[in-house]
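Asks: sequence first, predicted coordinates after that:
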Amino acid sequence: MADSPGNLVPCSTAFPEIEDADLLLYRDGSAFSWLIRLWTHSPYSHVATAYWDAFLVGSDHTGDVNGRRLCIVDTREGVGGQRSVPLFTEVQKEPGMIDVFGVDTERFPEYDRQKAVQWALANIPGKPYGRLSIWHILRTRLPFLRLWRKPDRDDLADIDGDHVCSTARAAMDRLGGGVDAVRGVADAFVSPGMLSQSLLFRYRMTLVPDSGQEAKP
């Protein structure tokens with residue numbers, strides 16, 4: 001997926017087509033995100049996972065369908081692991097900057113969406129953001145340092161430290177979903193760009209607010 005958005009789809013049309021465990025890749029424009037994109041040679045700087053959650057009776061959100069709300073689970077710098085964040089509010093804040101990649105269950109029929117989401121909800125929310133994991137990823141790409149530190153090629157390697165967004169997603173797919181999204185690279189070294197190139201996922205659409213919905217400042 002290039003820097004320019006591809007298939008722009010408004011929330012009201014897109015949300016009913018999004019399934020549990022679909023991958024969300026962000027093209028954020030902040031300074032820190034710019035460094036991540038530069039160092040990882042990818043347009044993507046953040047990863048989240050979509051899932052359908054129950055919502056409070058009487059609430060009103062675009063994207064609520066049959067008593068459920070489309071939310072994300074992820075981990076962020078300065079926030080840590082979080083869940084039940086409405087995807088609708090994310091699109092308002094980042095219009096045209098969130099790409100949806102569907103899990104290719106035709107190619108990987110063994111992938112278990114429900115177990116993947118269950119793993120994410122049990123292991124990501126409330127956990128600290130993994131600054132050490134950022135170091136694992138970046139030192140394999142920084143000039144000079146990458147000459148001495150290569151990504152660990154052992155899929156089962158257990159690297160000390162909490163997860164960042166992309167390493168959490170890699171662990172979720174492998175331990176919950178039952179498919180290693182980035183084979184030949186330990187979870188702790190997986191970047192957002194690697195996930196965008198994984199055969200497990202297919203680009204489907206880029207999310208934008210519905211006509212008349214203003215992005216929040």
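Replies: Structure received.

Asks: low-confidence ranges, this protein, go.
Replies: Counting by pLDDT under 70, the chain contains low-confidence ranges at 1-5, 29-41, 55-63, 131-161, 212-217.

Asks: mind listing the helices for it?
Replies: Counting by DSSP state H, the chain has helices at residues 11-14, 31-40, 87-93, 113-123, 131-138, 145-148, 165-171, 192-196.

Asks: list the buried ones in the fourth one?
Replies: The reference is to helix 113-123. By 16 or more other C-beta atoms under 10 Å, the buried positions in helix 113-123 come out as 113, 116-121, 123. Heads up, the C-betas are built off the backbone N, CA and C, glycines and all.

Asks: same question, stretch 90-97
Replies: Neighbour counts using 16+ other C-beta under 10 Å place 90-92, 94-95, 97 of stretch 90-97 among the buried residues.

Asks: max pairwise distance over these: which two?
Replies: Greatest spatial distance among those (C-beta to C-beta): 92 and 97, at 11.1 Å.

Asks: isn't residue 128 up against residue 164?
Replies: No - between residue 128 and residue 164 there is no contact under C-beta atoms under 8 Å: 10.4 Å.

Asks: tell me which of these two has more neighbours.
Replies: Ranked by neighbour count (other C-beta atoms under 10 Å), residue 128 and residue 164 place residue 164 first, with 28 against 13.

Asks: how about the strands in this structure?
Replies: If you assign secondary structure with DSSP state E, the strands in the chain sit at 8-10, 23-26, 46-54, 68-76, 80-86, 98-103, 201-208.

Asks: paired strands for the fifth one, with orientation please.
Replies: Sheet pairing for strand 80-86, assigned by DSSP bridges, gives strand 68-76 (antiparallel).

Asks: report the distance from the partner strand to the chain centre.
Replies: Relative to its parent chain, strand 68-76 has a centroid offset of 10 Å by C-alpha atoms, centre = their mean, to the nearest Å.

Asks: tell me the angle that strand makes with strand 98-103.
Replies: Counting by axes from the mean of the first three to the mean of the last three C-alpha atoms, to 10 degrees, strand 68-76 points 100 degrees away from the direction of strand 98-103.

Asks: neighbours of residue 65, how many?
Replies: Counted with other C-beta under 10 Å, residues neighbouring residue 65 total 12.

Asks: not counting sequence-adjacent ones, nearest residue to it?
Replies: residue 16 (6.0 Å; C-beta to C-beta, 6 or more residues apart in numbering).

Asks: and residue 9, by the same measure?
Replies: Spatial nearest neighbour of residue 9, excluding adjacent residues (C-beta to C-beta, 6+ apart): residue 205 at 4.3 Å.
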